[in-house]
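Student: give the three-dimensional model of this entry:
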Amino acid sequence: MSTRLSASEQEFAARLEAMSDVELFETRDGLESTSERTSFDKNCDTFAKIVLTESVIERRFPGQLLQPYKAWRKYRI
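Tutor: Residues are numbered from 1 along each chain as shown. Here you go, the predicted structure:
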């Protein structure tokens, strides 16, 4: 199975790579909030961005899955 990103997805992925950890976590959090407020059929782009964001987090923190993001969410207050 080949995964091809559109130009806008490639631009979004490049922006994610350049973000600090906090910016990346804030982006993931915002996407999650957006996905919860809209219907599934309108969320295709949002879900694609969530997957891209999770991929970057997992590359930055190998073997930790989303634990750094989850810890950030828990203690950001």
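Student: run through this protein and note the low-pLDDT ranges.
Tutor: 1-6, 40-43, 77 (pLDDT under 70).
Student: my guess is A13 contacts R59. True?
Tutor: No - A13 sits out of contact with R59 when judged by C-beta atoms under 8 Å, with a separation of 10.9 Å. No exception for glycine: its C-beta is placed from N, CA and C like everyone else's.
Student: who has more neighbours out of those two?
Tutor: Each of A13 and R59 has its neighbours counted (other C-beta atoms under 10 Å); A13 has more, 15 against 10.
Student: secondary structure element holding the more buried one?
Tutor: helix 7-18 (DSSP states H and E).
Student: show me what that helix is in contact with.
Tutor: 5, 24, 27, 48-49, 52-53, 56 (C-beta atoms under 8 Å, 6 or more residues apart in numbering).
Student: and that helix, what's buried?
Tutor: 9, 12, 16 (16 or more other C-beta atoms under 10 Å).
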